[in-house]
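Colleague: Take a look and give me a structure for this.
(one chain, ligands or ions: 1)
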Amino acid sequence: MIKNSLAIFFIFSLSIGLCKDSKNKESHDCNEHGPPPFHGTIFINPDIITSNDPSTFIDLYYNGQALRTMYDRRVSDWIDLEPYLFPANYDDSLMIEIQVNPEFGSPEKARLVALKYAVVIGRLTTELRKDVETVWIHRGLEAFGGGNNNLLIHTDWSEKHYEKQGILEETFVHEAAHTSLDSYHANDPDWIAAQSMDCNFISDYAKEHPEREDVAESYLPYFAVKYRRSRIPESLAMKIEKAIPNRIEYFNNRSFEMYPIETGN
Ligand SMILES: [Zn+2]
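Modeller: Predicted coordinates for the structure are as follows:
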C-alpha cells in the first residue's frame, strides 16, 4: 500500500557523486555563476546544531512488539518484522513511533537506542518534525534516509560517520527536510523560479538531483546563515548567500515553525 508511492521518495543521502551526466535544466544561460560551492551540504559545518542545543523530547515508553513494514538499506527493500515499539513524546505535542529492529536483542537494549536518537531528533524544529510519524532503527553500515513520513537510521553508519564528524543533527535536518518540506515546496512554482534565478545550486548533489535533493540540500545552509550565523565562519555564510540568494528569500518568506530554535543563537 504505502510501498509504491513512498519508495519514490526514498532518499540516498550519501550517494553523492554517483550521477555523472545528469541534466541541468538551468545551466544553459547560467554558466557565469560557476560550479556549486559544496559537494554535499550535511558536511559544511558541525556546529549548526550540537548536542548542547535544547531538545523538545519529553519521554518515550515501551509499547511491545508488533508487525510493521520498514525499509532496510542492507537489503535495499521493504521488510515485514516485529520491531520493538517506542512512542516518543515531544513538548510541541508531536509524537513519533520509534521502531527498533529486533536484532538489537531485548526491549532494554532497544530502549537505549531509541532514547539516544529520540533526543537528537528533538533538536529539530517543529516544522521539520511535523510529518515524521515513525523512525526506523537498524544496525548496519548504510546511510540515513528521509521521506515516507519517516526518518531511517542505520546505527553503524551513524557511529562511524555522522557522529565521528559531529554532523548527526545536521544529517537529520537534511533527512527531515525530505520528510516534512519536500512535498510542500519542491514543486512550488516560486521554488522553481528561485532555482532558476539563482543560476546555481548549493551543491553538486543538489545539481545532480534538482527535483529530489535541492530543497533538502539548500535548507540546512539556509538555516545556518539565518539562525546560526555566529557559529559558522563568515566566509561560509557568504558562500551560501552568493550561491542561493533567491532560495534563501523563498525560505524567508515561509512561516516555518522554528521552535525550539531561537534567532541569533
Ligand atoms: Zn537527501
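Colleague: And the residue of the stretch 101-250 of the chain found nearest the ion, what's its pLDDT?
Modeller: When scored by C-beta to the ion, the stretch 101-250 of the chain has residue 216 as its residue closest to the ion, at 4.4 Å. All C-beta spots, glycine's among them, are computed from the backbone N, C-alpha and C. At residue 216, the model reports a pLDDT of 98.
Colleague: Equivalent analysis for residue 89, please.
Modeller: For residue 89, pLDDT reads 98.
Colleague: how about it, secondary structure?
Modeller: What DSSP: H, G, I helix; E, B strand; the rest coil gives for residue 89 is strand.
Colleague: same check, this time on residue 99
Modeller: Per three-state DSSP, the secondary structure class of residue 99 is strand.
Colleague: tell me how far stretch 68-78 is from the chain's mean position?
Modeller: Relative to its parent chain, stretch 68-78 has a centroid offset of 18 Å by C-alpha atoms, centre = their mean, to the nearest Å.
Colleague: Quick check: chain neighbours aside, which residue is closest to the residue most central in space within the chain?
Modeller: By C-alpha atoms, centre = their mean, the chain has its centre lying nearest to residue 175, at 1.8 Å. Leaving aside its sequence neighbours, residue 175 sits nearest to residue 146 (C-beta to C-beta, 6 or more residues apart in numbering; 3.2 Å).
Colleague: Let me know whether the one you found touches residue 135 as I believe.
Modeller: No: contact criterion C-beta atoms under 8 Å: residue 146 and residue 135 do not qualify, at 10.7 Å.
Colleague: Would you map the helices across this structure?
Modeller: Counting by DSSP state H, the chain has helices at residues 2-7, 107-121, 126-129, 155-157, 164-165, 168-180, 182-185, 189-198, 204-208, 214-227, 234-243, 245-252.
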